[in-house]
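[1] sequence first, then the predicted structure, then my questions.
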There are 2 protein chains.
Amino acid sequence: MEQAPAAKGAGVRGRPRSEAVERAILEGVIGLLEEGVPLAELSIERIARTAGVGKATIYRRWSGREELFVDVLRTLEAPASVLPGTSMRDDLVALLEQIRRRGLNLRSSAFLHNVFAQMKSLPKLWTAYHATVVEPQRQRAYDVLRRGVDNGELRPDVDIVLAHEMFVGPMLVRTVLRLDAPLDEGLSERIVDTVLEGLRPVE
Amino acid sequence: MEQAPAAKGAGVRGRPRSEAVERAILEGVIGLLEEGVPLAELSIERIARTAGVGKATIYRRWSGREELFVDVLRTLEAPASVLPGTSMRDDLVALLEQIRRRGLNLRSSAFLHNVFAQMKSLPKLWTAYHATVVEPQRQRAYDVLRRGVDNGELRPDVDIVLAHEMFVGPMLVRTVLRLDAPLDEGLSERIVDTVLEGLRPVE
């Protein structure tokens, strides 16, 4: 039976509502990571103890450690861009801005950098993160590009997958591979417009 | 005093010529890595013992572990592309082919994949590899692009750094980030030509 929603910050003794429980669990994990506990050593038991809930409360919300950690990573990351929907060009700029913001976050936070580095050495978590976070983002970008073909903003003869890599590739080079490269404001617009325009000289 | 060059395969008892000593040392390291010895645990002592040379012989050729390991990685990698020099376009295709071949090598060899993964967790080696291998490759690509501006193949108003990322970005997305993406023949040509052409529909 669902309980009636309780007031926010209902106090330690009141049964907090579902959303607050979720937040407490996620924040508990983040707190443990901040204390330096390695991701690989975080057990559901310990997370439950830290959040002050039972293990069943966690398993009711997440099917396992990987699913929970993906939500933790999502909480730590920059939130997804809202697509303005005014044009393919503007939507692509918004998508690249999200990658740029995430890159800036990773650079400014040694903690975040460390958590993501740990994730990469845990194949099951890396796979879950890709399936839950990265892959839907890619599908969202493909949809934007398909709308661009439909409304005449994108060449219809171009492979959507390659077009996607042409837009995100230069930004990923700077955020993932060249950690000293500038991520200045206006970079997303510059990439999108230059990829659309091409590098051949105008006749 | 330099010794006279000895015949190739001069036998164990003859003093082998300098190049053969170098090869024996590099192959000794590769052999140890293939046996599963972690890169981080490879000492100059052990390498010298394996190659049957003194430590001084190694230090005469490499100033330290990092410099030696960079040469080992270079030996394992696909050799650098020869630039045809017929056009900026053809030179860029050759540069992208080198990244594509390296990507294919890394995919087909678990050993190579493992060695590069180990390198990434050794910051000093990673830095040395970047300074010695990656950075010169980037400078070589910048030269190609500058020649393209000079001969009218590339828009002169475009930032060379961004142009470089536009050409290599899509290939790096497939070789470094999306290990399941196709690396088919013709991909390098397709990327270079599409980046030059742009993605805007032809009026």
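    Cool, the structure landed.

[2] tally of neighbours for A:Tyr59?
    Residues lying near A:Tyr59 (other C-beta atoms under 10 Å in any protein chain shown) number 13. C-betas here are computed from N, CA, C, even on glycine.

[3] do A:Phe116 as well
    By the measure other C-beta under 10 Å, the count of residues near A:Phe116 is 18.

[4] that one touches A:Val72, doesn't it?
    No. Taking contacts as C-beta atoms under 8 Å, A:Phe116 lies outside contact range of A:Val72: 11.3 Å.

[5] quick one: the lowest-mean-pLDDT helix or strand in chain A to helix B:110-120, angle?
    Lowest on mean pLDDT, DSSP states H and E among the helices and strands of chain A sits helix A:110-120, with a mean of 88. Compare the direction of helix A:110-120 with that of helix B:110-120 by axes from the mean of the first three to the mean of the last three C-alpha atoms, to 10 degrees and you get 170 degrees.

[6] and helix A:110-120, what does it pack against?
    With contacts taken as 3 or more C-beta pairs under 8 Å, 6 or more residues apart in numbering or on different chains; DSSP states H and E, helix A:110-120 sits against helix A:18-34, helix A:65-76, helix A:88-108, helix A:123-129.

[7] buried ones in the second one?
    By neighbour count with 16 or more other C-beta atoms under 10 Å in any protein chain shown, helix A:65-76 contains the buried residues A:65-66, A:68-73, A:76.

[8] closest to chain B out of those?
    A:Leu73 (16.7 Å; C-beta to the nearest C-beta).

[9] from A:Met88, how far out is that closest one?
    29 Å (C-beta to C-beta, to the nearest Å).

[10] chain B contacts on chain A?
    A:152-156, A:158, A:161-163, A:165-166, A:168-174, A:176-177, A:181, A:190-191, A:194-202 (C-beta under 8 Å from any C-beta of the partner chain).

[11] ChimeraX command to pick out the buried ones of these?
    Applied in ChimeraX, the following selects the buried portion of the residues of chain A next to chain B according to 16+ other C-beta under 10 Å:
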select /A:153,154,155,158,161,162,163,165,166,168,169,170,171,172,173,174,176,177,181,190,191,194,195,196,198,199,200
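
[12] so which of the residues of chain A next to chain B are in helices?
    Secondary structure from DSSP state H places A:161-163, A:165-166, A:168-172, A:190-191, A:194-197 of the residues of chain A next to chain B in helices.

[13] tell me the one among the residues you listed nearest to B:Tyr59.
    The closest of those to B:Tyr59 turns out to be A:Leu172 (C-beta to C-beta; 39.7 Å).

[14] what sits against that closest one?
    With contact taken as C-beta atoms under 8 Å, 6 or more residues apart in numbering or on different chains, A:Leu172 is in contact with A:99, B:169, B:172-173, B:177.

[15] pLDDT value on A:Val53, please?
    pLDDT for A:Val53: 94.

[16] and the one 5 residues further on, by the same measure?
    Per-residue confidence at A:Ile58 stands at 95 (pLDDT).

[17] equivalent analysis for A:Leu179, please.
    Confidence at A:Leu179, expressed as pLDDT, is 81.

[18] same deal with A:Leu76?
    pLDDT at A:Leu76 comes out at 88.

[19] so what's it closest to, chain neighbours aside?
    Nearest residue to A:Leu76 in three dimensions, chain neighbours excluded: A:Leu112, at 5.8 Å (C-beta to C-beta, 6 or more residues apart in numbering or on different chains).

[20] surely that neighbour meets A:Arg102?
    No. Using C-beta under 8 Å, A:Leu112 makes no contact with A:Arg102, being 9.2 Å away.

[21] if we can go back for a sec, greatest separation within the contacts of A:Leu172: which pair is it?
    Maximum pairwise distance in the contacts of A:Leu172, criterion C-beta to C-beta, is 14.1 Å, between A:Ile99 and B:Leu172.

[22] now A:Arg138. Nearest residue, chain neighbours left out?
    Leaving aside its chain neighbours, A:Arg138 sits nearest to A:His164 (6.9 Å; criterion: C-beta to C-beta, 6+ apart).
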